[in-house]
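1. Here you go, sequence then predicted model.
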Amino acid sequence: MTDIEYFYAAHSAFAYLGSARVIAIAETAGCRIIHKPIDLGCVMTAAGSIPFSKRSNAHKSYFFRREIERWSLDRGAPVMNGRPTYHDNDITLANKMLIAGIVQGHNVDQLSRAMLQAHWRDDADLADRNTLAKIGGTVGLDPSPLLDAALSVEIQVIYDANTSQAIERSVFGSPTYFVDGDMFYGQDRLEQVERALKQPYAGTWPKHDRHTGTSPGERYAGK
């Protein structure tokens with residue numbers, strides 16, 4: 001059975017909006033979600049994205065408020081009013097806690113969803129160890145081993161590898177899903193992910209640039 005590869009950051013609004021749906025899709029299809037938390041800032045920089053702070057107010061208002069409001073209703077995923085207070089805090093610990101859970105043999109589907117929900121619904125600070133511990137407890141996990149392991153070199157190596165792989169494979173935002181190597185960017189593509197699990201789309205990804213002969217991922221990776 002094909003798995004769903006899932007590249008995202010633990011504070012991503014659109015990863016939150018699609019979190020319950022991707023879990024439901026995987027359960028129905030009888031496949032696994034392969035969680036790959038990434039350093040989203042590094043990935044977006046490699047892709048040439050404009051930093052959030054430099055985008056126009058109109059752009060931010062539409063993509064990071066109006067779109068969130070509508071998808072919140074469509075997905076049944078309540079969100080707080082406005083941008084989370086701690087959204088700009090470093091979420092490395094949260095991302096690496098998820099990786100530690102995987103390494104320790106846990107299914108982190110619900111832990112991931114709980115983090116995303118706590119941030120966007122409850123204004124939780126995902127940089128705070130105590131907050132993360134409480135979130136882990138809500139899904140029946142002992143958070144201490146995960147948080148301790150999150151500080152290890154082993155987990156950092158995996159985190160760096162996830163980020164490098166995302167860049168090499170042309171990921172440019174969160175969430176991004178892969179089914180048999182075919183990339184789907186954004187939670188609004190989840191119905192296509194569902195379809196691809198049943199019947200793959202024709203064609204291949206990545207496409208090669210007709211001028212350079214390289215794929216976008218090869219360019220981003222400096223190859």
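-> Okay, I see it. Numbers count the residues shown, from 1 in each chain.
2. Tell me the pLDDT of residue 221.
-> For residue 221, the pLDDT comes out at 36.
3. swap in residue 106?
-> On the pLDDT scale, residue 106 gets 98.
4. Just to check, it is in contact with residue 142?
-> No - using C-beta atoms under 8 Å, residue 106 makes no contact with residue 142, being 9.8 Å away. All C-beta spots, glycine's among them, are computed from the backbone N, C-alpha and C.
5. neighbour-wise, which of these two wins?
-> Using other C-beta atoms under 10 Å as the criterion, residue 106 and residue 142 rank with residue 106 on top: 19 against 12.
6. ok, and the closest non-adjacent residue to the more buried one?
-> residue 141 (6.3 Å; C-beta to C-beta, 6 or more residues apart in numbering).
7. how near is the one you found to residue 38?
-> From residue 141 across to residue 38, the span is 22 Å (C-beta to C-beta, to the nearest Å).
8. Give me the more crowded residue out of these two.
-> residue 38 (26 against 21).
9. Would you mind listing the residues in contact with the more buried one?
-> 7, 8, 9, 95, 159, 162, 163, 166, 171, 174 (C-beta atoms under 8 Å, 6 or more residues apart in numbering).
10. buried ones in the helix or strand hosting residue 93?
-> Assigned by DSSP states H and E, residue 93 belongs to helix 92-103. Judged by neighbour count (16 or more other C-beta atoms under 10 Å), helix 92-103 contains these buried residues: 92, 93, 94, 95, 96, 97, 98, 99, 100, 101, 102.
11. Please produce JSON lines containing the residues you listed, extended by pLDDT and distance to residue 85.
-> Compiled in JSON lines, the buried residues of helix 92-103 are given as follows (pLDDT from 0 to 100; distance: C-beta to C-beta, whole Å):
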{"residue": "92", "pLDDT": "98", "distance to residue 85": "18"}
{"residue": "93", "pLDDT": "98", "distance to residue 85": "17"}
{"residue": "94", "pLDDT": "98", "distance to residue 85": "15"}
{"residue": "95", "pLDDT": "98", "distance to residue 85": "19"}
{"residue": "96", "pLDDT": "98", "distance to residue 85": "22"}
{"residue": "97", "pLDDT": "98", "distance to residue 85": "20"}
{"residue": "98", "pLDDT": "98", "distance to residue 85": "22"}
{"residue": "99", "pLDDT": "98", "distance to residue 85": "25"}
{"residue": "100", "pLDDT": "98", "distance to residue 85": "26"}
{"residue": "101", "pLDDT": "98", "distance to residue 85": "26"}
{"residue": "102", "pLDDT": "98", "distance to residue 85": "29"}
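12. Go through those residues and say which is closest to residue 29.
-> residue 102 (19.8 Å; C-beta to C-beta).
13. Flag the shaky bits of this protein, pLDDT-wise.
-> 1, 207-223 (pLDDT under 70).
14. For it, which segments are assigned as helices?
-> Using DSSP state H, the helices of the chain run over 13-29, 40-46, 57-61, 67-75, 92-103, 109-122, 129-138, 143-150, 153-168, 190-198, 216-220.
15. With distance to residue 204 added, can I get these in TSV?
-> Below are these laid out as TSV (distance: least, C-beta to C-beta, whole Å):
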stretch	distance to residue 204
helix 13-29	21
helix 40-46	22
helix 57-61	32
helix 67-75	29
helix 92-103	28
helix 109-122	29
helix 129-138	39
helix 143-150	36
helix 153-168	16
helix 190-198	13
helix 216-220	13
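16. closest to residue 86 out of the ones you listed?
-> It's helix 109-122; of the helices of the chain, that one is closest to residue 86 (C-beta to C-beta) at 7.7 Å.
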